[in-house]
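Chemist: I'd like to go over a predicted model; first the sequence, then the structure.
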Amino acid sequence: QKEVEQNSGPLSVPEGAIASLNCTYSDRGSQSFFWYRQYSGKSPELIMSIYSNGDKEDGRFTAQLNKASQYVSLLIRDSQPSDSATYLCAVNIKSGGGADGLTFGKGTHLIIQP
Amino acid sequence: DAGVIQSPRHEVTEMGQEVTLRCKPISGHNSLFWYRQTMMRGLELLIYFNNNVPIDDSGMPEDRFSAKMPNASFSTLKIQPSEPRDSAVYFCASSRQGLNSPLHFGNGTRLTVT
């Protein structure tokens, strides 16, 4: 059973602070990890991808992966009100080759307070 | 470059009616995915295709649901007969084939069954 767990929130962070979003997954075979942002009434959009242990930085966003702990996180530095959205953690598991569907967590609702 | 195109954007129908949702993936993407999103269950993978071939339909909730991909640029998801519990947002997504390829989502179809 593939499971991806996130705290649903809401997570409230003051503007300019660091927002920290966390995700755990159940399958040790998981090999690729993604963070999507979804605004209310919109479709998910890709923010970050990470495939190996450690940190990956892209602008104000940093993804962190620890496969031993089955844990992936997203840090948002200098949080802006426009970062207020639901953040979805997604995990891909290799089976039989080719692309398999991503398994998504239910998302963390982030609110950046001006 | 056009993104994933879904139609219709909104669909309101009565219980028992047939519903057909349509999707055009991004050109060059050879994997296509149908997801359903509800508040209670989040994003659920229904079925996915690689090179127009259905690979895993274990997420399709019942025999009332069927999906086809007659060619690389078109897919349909059909519900017959529809029920109120089918009300949700249905997303189509596409990607290049490969474990590390992220999904690109369409704008979704909001289905309401009364």
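Modeler: That came through, no problem. Since we're looking at a predicted model, the values are computed, not measured. Numbers count the residues shown, from 1 in each chain, chains lettered A, B, ... in the order given.

Chemist: how about the strands of chain B, start to end?
Modeler: B:5-7, B:10-13, B:19-24, B:31-38, B:42-50, B:53-56, B:65-71, B:74-79, B:88-95, B:104-105, B:109-113 (DSSP state E).

Chemist: Can you say which of those strands is nearest to residue A:108?
Modeler: Closest to residue A:108 of the strands of chain B, according to CB to CB: strand B:42-50, at 11.4 Å. (Glycine included, C-beta is placed from N, CA and C.)

Chemist: Which pLDDT value goes with residue 97?
Modeler: Answering for chain A, as no chain was given. At residue A:97 the predicted local confidence, pLDDT, stands at 42.

Chemist: That was the other one, I meant chain B.
Modeler: Looking at residue B:97, the pLDDT reads 75.

Chemist: Surely it and residue B:49 touch.
Modeler: No. The pair residue B:97 / residue B:49 is not scored as a contact, 10.5 Å apart, by CB atoms under 8 Å.

Chemist: Quick check: neighbours shared by the two?
Modeler: By CB atoms under 8 Å, 6 or more residues apart in numbering or on different chains, residue B:97 and residue B:49 have these common neighbours: residue B:31.

Chemist: Nearest residue to residue B:19 in space, ignoring adjacent ones along the chain?
Modeler: Excluding the flanking residues, the one nearest residue B:19 by CB to CB, 6 or more residues apart in numbering or on different chains is residue B:79, at 4.5 Å.

Chemist: burial count for the one you found?
Modeler: Neighbourhood size, residue B:79 [other CB atoms under 10 Å in any protein chain shown]: 22.

Chemist: what do you get for residue B:52?
Modeler: Residue B:52: 15 neighbours (other CB under 10 Å).

Chemist: Excluding chain neighbours, what is closest to it?
Modeler: residue B:69 (4.7 Å).

Chemist: thought that neighbour was touching residue B:49?
Modeler: Yes. Contact criterion CB under 8 Å: residue B:69 and residue B:49 qualify, at 4.6 Å.

Chemist: Which neighbours do the two have in common?
Modeler: B:32, B:75.

Chemist: Would you mind telling me which of residue B:97 and residue B:49 has more residues around it?
Modeler: When neighbours are counted by other CB under 10 Å, residue B:97 and residue B:49 differ, and residue B:49 comes out ahead with 23 against 13.

Chemist: Was I right to think that one contacts residue B:25?
Modeler: No. Using CB under 8 Å, residue B:49 is not in contact with residue B:25, being 9.2 Å away.

Chemist: Quick check: neighbours shared by those two?
Modeler: With CB under 8 Å, 6+ apart, residue B:49 and residue B:25 have common neighbours B:32, B:75.

Chemist: what's the neighbour count on residue B:7?
Modeler: Counted with other CB under 10 Å, residue B:7 comes out at 14.

Chemist: What parts of chain A come near chain B?
Modeler: When proximity is defined as CB under 8 Å from any CB of the partner chain, chain A approaches chain B at A:31-32, A:34, A:42-46, A:49, A:51, A:88, A:90, A:92, A:94, A:98-107.

Chemist: Return the members of these classed as buried.
Modeler: Burial by neighbour count, 16 or more other CB atoms under 10 Å in any protein chain shown: within those this picks out A:31-32, A:34, A:43-44, A:49, A:88, A:90, A:92, A:98-107.

Chemist: Just the ones in strands from those residues, please.
Modeler: Those of these lying in strands (DSSP E): A:31-32, A:34, A:49, A:88, A:90, A:92, A:103-104.

Chemist: and the residues you listed as JSON lines, adding pLDDT?
Modeler: Shown next, in JSON lines, are those (pLDDT from 0 to 100):
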{"residue": "A:31", "pLDDT": "86"}
{"residue": "A:32", "pLDDT": "90"}
{"residue": "A:34", "pLDDT": "95"}
{"residue": "A:49", "pLDDT": "94"}
{"residue": "A:88", "pLDDT": "97"}
{"residue": "A:90", "pLDDT": "94"}
{"residue": "A:92", "pLDDT": "84"}
{"residue": "A:103", "pLDDT": "89"}
{"residue": "A:104", "pLDDT": "92"}
